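Visitor: model this:
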Amino acid sequence: MAPRETDNNPTEADQPAAAQREWERLWEEGDDDGSASAGPESGQPAKADAEPETGTEPEGERDTDADTSGTADADTETSGTADDDSPPPSTPVHSTADEAATRHLDDERIAAVRRVAAAGRRWRNLQLAGCAALLAVAMTAGAIAIGAAKDSGATGVAAGSSAVSPELLASGSLDASIASLQAHLRTQPKDFDGWATLGLAYVEQARTKGDPSRYPQAQAAFQRSLKISPANENALEGRAALAAARHEFKEALTYADQVLKENPYSERALCSRIDALVELGRYADASKAADLADARKPGVPVFTRYAYVHELRGDVTTARKVLEQALAAATSPGDISYVAGTLGQLAWNQGDYKTALNDYGRALAADENYLPALEGRARTQAALGDRAAAIKGMELVVSRYPLPQPLVELGELYESRGAEGDRAKAEDQYALVDAWIALARANGVNADLDTALAAADHGDVKSALKAARAEWARRHTVHTADALAWALHVNGLDREALPYARQATATNYHNASFIYHLGTIELATGHKADGRAHLAKALKLNPGFSPLGAAKARKALEATK
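Guide: Residues are numbered from 1 along each chain as shown. The predicted structure is shown next:
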């Protein structure tokens, strides 16, 4: 079923209209003296500055920092509802009517994903704006459905990585907390801390649900908070988290430093600073920042970042030791699932599949619906040769939240199986990656790295190279170096690729894909001995690092004997 012009408009079947309009009117109250701003009742054009619903804008256009408190209803324009998560004030969250609506919306979300898959290769000929619109419907419906569902852990979040305060996450349900904040702000619209916390919650919701349409909503909330109380710490911390989520790492560093000048012990700012420095490729500075954060504010959020900085430098022993300490200190289900899932990823990177499955099991024991652990378990099952279980698990992940990495992994699992129709199924997954990227860009996310990684192997190689060059111009990390090297390779520019491939592995980061790329490029440039050594090293480190890449590495080794 093709998307209609009205598909993003709320209907009676979608949510209680009266409550949604009440929240929309709150967003439309521009001046904090209580006067109404532009909106349906003011006779002025409404929502003039709202974010576009699809990726039809020029790629570089994003929300500015100008005041948008009068048009903060980006929520309704972006997600297609006035308030995805908030039930009517007088209606219980788990009412029978809401549960029926939840089932309807969940069916609609799943059907939307299946419609995309059924379209097959025709997606390659459709405009990405249409793809993004359909994907947005799927993700928005999912957010509504989960927000209204009974508490089952489905909305538990990884507090260890979260920018949201522990108080907000205490209930174990981010959606319920957002609904509570919205209800509070209906009666207390001048609560700048409330607006900042709502913005932080939206950032976390976008991260855990893969829904970039939440980012304009988060920005609007932060701007509202800063208008009421300029330079308040929570809003600035939130803007740092939002900038990082949108891959604007220089801006994230600026905001974090601004907070730390006033409060050197801000945990969120300390963590945002580490994240920004890592993503800018400033690893020595990131290590110092991690040491400082550990001295000032030790805890799960700092421990996980401290471990990652060590992992990037090849110190896996320290990384695992720190993560085990973090897991021992974790008490909430969100912290436990996040840290245990991170331990699982660390073990998988080393090819230690038994430990990885054990760690993912610990994560899922804390939250049976924790998606990174479900994804990691499926990836490990594939590496162990249990392709059927891996495909089933990855299908579950992408049916809930179709993000680029699991979509590509599922596509490659289909390709590696090679049954009738599997190639077409794989193409469906790669087309969905294009759709997600279009949606992300429409909501202010720099998606060049995602584009480069996906398109190099499963799309337009020229687009991959363009995106990789653009990302490299912004930041020099091991990940961007690897992406650029591989994009150059698939475009036949191996001599230019070789220095970048070597830079990607220069920190001794244990990543078999990076080593495989280096070995392949070395073979292509005539460095046969080095190429064979690196292909063998990649397979020894993590023999199942990729459903397709591992097989290609073995084939290349055999061919160069």
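Visitor: got a list of contacts for stretch 491-510?
Guide: Outside stretch 491-510, the residues that touch it by C-beta atoms under 8 Å, 6 or more residues apart in numbering are 283, 311-314, 316, 349-350, 461-462, 464-465, 472, 476, 478-479, 481-482, 484-486, 488-489, 511, 514-515, 517-518, 521-522, 524-525, 541. In short, each C-beta sits where N, CA and C put it, glycine included.
Visitor: Show me which residues of that stretch are buried.
Guide: 491, 494, 497-498, 500-501, 503-505, 507, 509-510 (16 or more other C-beta atoms under 10 Å).
Visitor: Among these, find me the one that's closest to H184.
Guide: Proximity of the buried residues of stretch 491-510 to H184 (C-beta to C-beta) peaks at Y509, which lies at 43.9 Å.
Visitor: Can you tell me the element that closest one falls in?
Guide: For Y509, there is no enclosing helix or strand under DSSP states H and E.
Visitor: measure it to L539 for me?
Guide: 17 Å (C-beta to C-beta, to the nearest Å).
Visitor: Give me the subset of the buried residues of stretch 491-510 lying in helices.
Guide: Using DSSP state H, the members of the buried residues of stretch 491-510 that fall in helices are 494, 497-498, 500-501, 503-504.
Visitor: okay if I get those as CSV plus distance to L374?
Guide: Shown next, in CSV, are those (distance: C-beta to C-beta, whole Å):
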residue, distance to L374
D494, 37
A497, 34
L498, 37
Y500, 33
A501, 32
Q503, 33
A504, 28
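Visitor: Now, the contacts of stretch 491-510 that are in helices?
Guide: Short answer: the contacts of stretch 491-510 in helices (DSSP H) are 283, 311-312, 316, 349, 461-462, 464-465, 472, 478-479, 481-482, 484-486, 488-489, 514-515, 517-518, 521-522, 524, 541.
Visitor: Mind checking which of the contacts of stretch 491-510 are buried?
Guide: Among those, the ones that count as buried by 16+ other C-beta under 10 Å are 283, 311-313, 316, 349-350, 461, 464-465, 472, 478-479, 481-482, 484-486, 488-489, 511, 514-515, 517-518, 521-522, 524-525, 541.
Visitor: sorry, back to before: with respect to A533, which of the ones in helices among the buried residues of stretch 491-510 is nearest?
Guide: The closest of these, once distances to A533 are taken by C-beta to C-beta, is A501, at 13.7 Å.
Visitor: got any ranges where the stretch 51-200 of the chain has weak pLDDT?
Guide: 51-172 (pLDDT under 70).
Visitor: can we see that at 90?
Guide: 51-177 (pLDDT under 90).
Visitor: cool, and the stretch 351-500 of the chain?
Guide: 369, 400-403, 436, 439-440, 442-445, 447.
Visitor: how close does the residue nearest to L292 when sequence neighbours are not counted sit to S287?
Guide: Leaving aside its sequence neighbours, L292 sits nearest to L270 (C-beta to C-beta, 6 or more residues apart in numbering; 7.2 Å). Separation of L270 from S287 (C-beta to C-beta): 14 Å.
Visitor: Look at those two and report which has more neighbours.
Guide: L270 (26 against 18; other C-beta atoms under 10 Å).
Visitor: how about the more buried one, secondary structure?
Guide: helix (DSSP: H, G, I helix; E, B strand; the rest coil).
Visitor: That one contacts P298, doesn't it?
Guide: No. Contact between L270 and P298 fails when scored by C-beta atoms under 8 Å: they sit 10.4 Å apart.
Visitor: And A536, how close does it get to L493?
Guide: From A536 to L493 the distance is 25 Å (C-beta to C-beta).
Visitor: before we move on, what about K297?
Guide: For K297, the distance to L493 - C-beta to C-beta - is 45 Å.
Visitor: How about Y255?
Guide: Computed as C-beta to C-beta, the Y255 to L493 distance reads 37 Å.
Visitor: repeat for A289
Guide: 35 Å.
Visitor: now swap in V445 and tell me
Guide: For V445, the distance to L493 (C-beta to C-beta) stands at 28 Å.
Visitor: now do R469
Guide: R469 sits 11 Å away from L493, going by C-beta to C-beta.
Visitor: same deal with T187?
Guide: 60 Å.
Visitor: can you check N443 too?
Guide: Distance of N443 to L493, computed by C-beta to C-beta: 32 Å.
Visitor: cool, and A529?
Guide: For A529, the distance to L493 - C-beta to C-beta - is 22 Å.
Visitor: For the residue nearest to R207 when sequence neighbours are not counted, report the pLDDT, please.
Guide: Once flanking residues are discounted, R207 sits nearest to A245: 6.3 Å by C-beta to C-beta, 6+ apart. Among the per-residue scores, A245 holds a pLDDT of 91.
Visitor: what comes into contact with stretch 310-328?
Guide: Stretch 310-328 is contacted by residues 160, 278, 283, 287, 300, 303-304, 306-308, 336, 339-340, 342-343, 346-347, 349-350, 362, 478, 507-510 when judged by C-beta under 8 Å, 6+ apart.
Visitor: again with stretch 457-467
Guide: 408, 411, 426, 430, 433-434, 448-449, 451-456, 486-488, 490-491, 493, 548.
Visitor: and those residues, which of them are in strands?
Guide: Among the contacts of stretch 457-467, no member is found in strands (DSSP state E).
Visitor: Of those, which count as buried by neighbour count?
Guide: The neighbour-count test (16+ other C-beta under 10 Å) applied to the contacts of stretch 457-467 identifies 408, 411, 426, 430, 433-434, 448-449, 451-456, 486-488, 490-491, 548 as buried.
Visitor: how about L384, phi and psi?
Guide: According to degrees, to the nearest 10, the main-chain angles of L384 amount to phi -80, psi 0.
Visitor: I'd like to know how many residues surround it.
Guide: With other C-beta under 10 Å as criterion, L384 counts 16.
Visitor: quick one: contacts for the nearest residue to it once chain neighbours are set aside?
Guide: Spatially, and ignoring its direct neighbours in sequence, L384 is nearest to Y353 (5.5 Å; C-beta to C-beta, 6+ apart). Applying C-beta under 8 Å, 6+ apart, we find Y353 in contact with 347, 380, 383-384, 544.
Visitor: Repeat the analysis, applying 10 Å as the threshold.
Guide: 344, 347, 379-381, 383-384, 542-544 (C-beta atoms under 10 Å, 6 or more residues apart in numbering).
Visitor: closest to S229 among the residues you listed?
Guide: Taking C-beta to C-beta as the measure, S229 sits nearest to G344 out of these, at 41.0 Å.
Visitor: That closest one contacts K354, correct?
Guide: No. G344 is not in contact with K354 according to C-beta atoms under 10 Å; the separation is 11.1 Å.
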